[in-house]
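In: Need coordinates for the below:
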Amino acid sequence: VSPSAKHNAKIIYEYLVPINLFFGIYPKKTEIEIDSNYFNLSKSVYEGDLGLFSSSLDELEDRMISFGTFLIAGKLKPFVLRNLIRNIHISQEEELEKMKAPVIKLEQILNVIKNVYKYEEIDIEELELSVIGVLYRGLIGGYVHHGNKVIVFGKKNPFPDLREVMKNNYSKII
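Out: Next up is the predicted model:
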């Protein structure tokens, strides 16, 4: 592969990765080998790691501003939170299926954020508002019960396909 082709691939990659993350498309290993700067950003969105997401944005800020992709990447935070909640939901799937209305306490999500991902920059009220934003965008099916501080998930497809969400709710997401 010629040096100019490799350079062009890196430039395309700068634009492609942030956009693909909106659709739940994560870079392949071969793409990461082209340019590893986006590895932590992609990993943070996939795993739902708010701390890694924040540090990745800080690390890539100047670079993404120069390419005009920083504002796009900043809008990925609801996707990070969605994937975190999805991972918690998957880990408790058996218990949730037994419930009449499957719920996860916001306090439990906050504990995962603070104790597993070591992200201290959020409190229960901010988490609740962020979750409401995720629900509004259609990234999760359900609602927040404010009085009980829980997320009540819809029985049918609580985590819809991101391609469908983008197609149906584009104006809410962007």
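In: ok, how many other residues are close to L81?
Out: Counted by other CB atoms under 10 Å, the residues lying close to L81 total 23. Yep, even glycine has a C-beta here, placed from its N, CA and C like the rest.
In: What of V152?
Out: Using other CB under 10 Å, V152 is surrounded by 16 other residues.
In: Repeat that for the one 10 residues further on.
Out: Other residues within reach of L162 by the criterion other CB under 10 Å amount to 19.
In: can you start the count at 24 instead of 1 from here on
Out: Will do, 24 is the new start, and the previous item becomes L185.
In: Please enumerate the strands of the protein.
Out: All strands of the chain, identified by DSSP state E, fall at 126-128, 165-168, 173-176.
In: Quick one: list the elements packing against the first one.
Out: Right, the one you point to is strand 126-128. helix 100-114, strand 173-176 (3 or more CB pairs under 8 Å, 6 or more residues apart in numbering; DSSP states H and E).
In: Point out the most buried one among those.
Out: Highest mean neighbour count among the helices and strands packed on strand 126-128 (mean count of other CB atoms under 10 Å): strand 173-176, with a mean of 21.
In: And that strand, what does it pack against?
Out: strand 126-128, helix 129-134, strand 165-168.
In: Quick one: distance of it to the chain centre.
Out: Relative to its chain's centre, strand 173-176 lies at 18 Å (CA atoms, centre = their mean, to the nearest Å).
In: pLDDT of it, averaged?
Out: For strand 173-176, mean pLDDT is 96.
In: closest to S194 out of the helices and strands packed on strand 173-176?
Out: Among the helices and strands packed on strand 173-176, the nearest to S194 by CB to CB is strand 165-168 (20.5 Å).
In: top helix in the protein by residue count?
Out: For the chain, the longest helix by residue count, based on DSSP state H, is helix 26-45.
In: so which of the helices and strands packed on strand 173-176 comes closest to H30?
Out: Nearest to H30, of these and by CB to CB, is helix 129-134 at 42.1 Å.
In: Can I get the closest one as CSV, trimmed to CA atoms?
Out: Presented in CSV, the C-alpha positions along helix 129-134 are these (Å, rounded to 0.1, in the frame of the first residue of the first chain):
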residue,chain,number,x,y,z
LEU,A,129,-30.8,4.3,39.0
GLU,A,130,-28.7,3.8,42.2
GLN,A,131,-27.5,0.5,40.8
ILE,A,132,-26.4,2.2,37.5
LEU,A,133,-24.7,4.9,39.5
ASN,A,134,-22.8,2.4,41.5
